[in-house]
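Asks: Sharing a model that was predicted from the sequence below.
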Amino acid sequence: MEQQSWQLENPILGLGVVIASFILFYIISWFSNRASKSVEDLYVAGGGVGPVKNGLAMASTYMSLATFLGVTGLILNLKAPFVFIWIQMILAIPLITIIYGTCLRRMGAYSPAHFVKERYGKSAAVIVAIWMILISIMYALGQMIGIAKTFEMLFGIPYMTGLFVGGLLITGYVTIGGMRGATNNAAVQMVIIALMFIVPLGAIMKAMGSTGWYFPPLLYTDMVPSMLQAVPDFFDYQFGVKWYFAIIPALTLGSLGLPHLAMRIYTASSLKSARQAMVWFALILGLVFSATYTMGFAGVFFNSTNGNIISAADADKLTIILNLVYNPEWVTALVIAGAISAGISTLSGNLLAIGALLSQDIITTLMPNITTKTKIRIGYIAIALGGIVSILLAIKPPSFLVVSILWAFGLAAVTNAPIILMGVWWKSANKYGAIASVVISGLLYIVVSPFVFPSIVVSGHALTDSLGLSGAMLCVPVAFIILVVVSMITNKMPSLQTKLTTKQDHKLIERIHGWSDVNPARYNSLVGAMIVLVVSTLTIIWAISPWHF
């Protein structure tokens, strides 16, 4: 069958919708950030964002362009097992809030790296900030590539033109708006994303004969009998237990380590507001993520009943293709606007994280005496610089889009999550253990990934390696073991006692948990540390054993 181009017949219509969206986002940014006069205003919107707006912004920041493009393509290939990936990823914000978000919020941190500086010292903070910048750039790179490819494949605009025009426009509005502008825009973008994904999906399901078309996130189930006739193995668990377990260290812990997600907790007006925002986040994200799975379900059904019209090369376009087939062009134009909104929202979070990491966690750490005005100026420059670097890296992009984002999750899980979690809940964790853990496990994750050294992988299975599952399953427990063992050894070395800030660390941990007194035994369990070592060791043994699918 001849491959189709799958482009809008009238690209001016789609471009008009996208241009109108950008104008709206710039207006919101300009009016939102006019009152920003401090670093706190720039990065956490003054810490005064209400729960509904913050919940919408959290969901929008987490959504990414991949929700519209790459994810549905993965569902087309993975079928039902992909829902397990979605479940792990949606747990992110509630876990961030419960496990360490409220603790860091009490501390008044701008980012996870800020906590690392207070807990482990300046050297550890700079190292962690560099890793976090790499993670954020990887994440932002995926969005830049996706937006440029969207312009290219749907409007016929050359990739380079779409990259520079779209990238600079996004970088401009994020730089102008700061966190206030990004939050207000993200809330608006989440509404656009939800409406432009779910409503057209209902029309697609109705055209396919579904009686549950009026609520796509759940009521696609009336199509299940027909799906089982067309694709009998759709709901089969085609992978072994190890594959599903590997999602936890790679994606769940990876989400805990993403700086642009954690920053959303710090924008809340109070701890109560942060917890309420988590509920709104889970609700709206659950609706759209469920609808995303339904879109993939519909795509598999469409392909199976129409002769595999959507080729493997076009899998990323599944959402757009179904809209082109079943809906009018003006509806598809709105869907494209929703897709680009998703990419913009996530990219804005990444750029703000890069700005905070570069200006607050590296430059300000190395030069603590600079003025507030200079800090703010450096912040704006850092945000713009992050966008420009992402654009330049996307000129000759890697051959993977969604995979690069998922791989960034794994890197966050390896370098950030262990030292933050243990730093919050175990007093004996120290700077030597943290630095050794971050450096060694991070480099190991890069070595075993298929993108840097293709001949060195953990399992040799293309799917688990490319998604970062096998690498994270090995390297995350390695990170925990290094942190615990090195901390325990160095805590006993007399020559290092004067270089450790044990008393200050204990006071910090007690304070961020809400205690007014200091109890040396509290959050300092040797049994807990031993359990972490045993579980991590067993996980490593399982990770390096043969993978069975």
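Replies: Looks like it came in fine. Residues are numbered from 1 along each chain as shown.
Asks: Could you verify that residue 518 is part of a strand?
Replies: No. With DSSP: H, G, I helix; E, B strand; the rest coil as the criterion, residue 518 is assigned coil and is not in a strand.
Asks: Which residue is the nearest non-sequential neighbour of it?
Replies: Among residues not flanking residue 518 along the chain, residue 510 sits closest, at 5.1 Å (Cβ to Cβ, 6 or more residues apart in numbering). In this view, the C-beta of every residue, glycine as well, is placed from N, C-alpha and C.
Asks: likewise residue 276?
Replies: Per Cβ to Cβ, 6+ apart, closest to residue 276 is residue 51, 3.6 Å.
Asks: re the thing from before, what about the residue nearest to residue 518, helix or strand, and which?
Replies: Here residue 510 is covered by helix 502-512, with elements defined by DSSP states H and E.
Asks: contacts for that helix?
Replies: 103-104, 106-107, 118-119, 424, 427, 430, 491, 516-520, 522-523 (Cβ atoms under 8 Å, 6 or more residues apart in numbering).
Asks: Residue 546: neighbour count?
Replies: For residue 546, the number of neighbouring residues by other Cβ atoms under 10 Å comes to 8.
Asks: Is it in a helix, a strand, or coil?
Replies: Strictly by three-state DSSP, residue 546 counts as coil.
Asks: Dihedrals phi and psi, it?
Replies: phi -60, psi 140 (degrees, to the nearest 10).
Asks: Quickly note the distance from it to residue 470.
Replies: Distance, residue 546 to residue 470, by Cβ to Cβ, to the nearest Å: 11 Å.
Asks: Return every residue with contacts to both of those two.
Replies: residue 459.
Asks: rewinding a little: let's see which of the contacts of helix 502-512 end up in helices.
Replies: Residues of the contacts of helix 502-512 located in helices (DSSP state H): 103, 104, 106, 107, 118, 119, 424, 491.
Asks: Can you name the two of the residues you listed that sit furthest apart?
Replies: 106 and 491 (25.4 Å; Cβ to Cβ).
Asks: Of the two, give the one with the bigger neighbour count.
Replies: For residue 106 and residue 491, the more surrounded residue by other Cβ under 10 Å is residue 491, and the numbers stand at 17 against 13.
Asks: Next secondary structure element downstream of the least confident helix or strand in the chain by mean pLDDT?
Replies: None of the helices or strands of the chain scores lower by mean pLDDT, DSSP states H and E than helix 39-44, at a mean of 56. For helix 39-44, the following helix or strand on the C-terminal side (DSSP H and E) is helix 51-63.
Asks: just checking, what packs against that next one?
Replies: helix 92-95, helix 159-207, helix 259-266, helix 271-306, helix 329-356 (3 or more Cβ pairs under 8 Å, 6 or more residues apart in numbering; DSSP states H and E).
Asks: Those helices: lowest mean pLDDT?
Replies: Mean pLDDT per stretch puts helix 259-266 lowest among the helices and strands packed on helix 51-63, at a mean of 64.
Asks: pLDDT at the residue at the greatest distance from the centre of the chain, what is it?
Replies: The C-alpha centroid of the chain is most remote from residue 494, which lies 41.6 Å away (Cα atoms, centre = their mean). On pLDDT, residue 494 comes in at 87.
Asks: do residue 34 as well
Replies: Here, the pLDDT recorded for residue 34 equals 61.
Asks: Can you give me the neighbour number for residue 237?
Replies: 11.
Asks: tell me the SS of it?
Replies: coil.
Asks: For residue 244, see how far away it is.
Replies: 8 Å.
Asks: could you list every residue that touches residue 24?
Replies: residue 188.
Asks: quick one: secondary structure of it?
Replies: helix.
Asks: how close does it sit to residue 197?
Replies: Counting by Cβ to Cβ - residue 24 and residue 197 are separated by 18 Å.
Asks: Give the buried residues for stretch 19-32.
Replies: Buried residues in stretch 19-32, counted by 16 or more other Cβ atoms under 10 Å: 21, 22, 24, 25, 26, 28, 29, 32.
Asks: how about residue 50, phi and psi?
Replies: phi -70, psi 170.
Asks: Report the separation between it and residue 102.
Replies: From residue 50 to residue 102 the distance is 17 Å (Cβ to Cβ).
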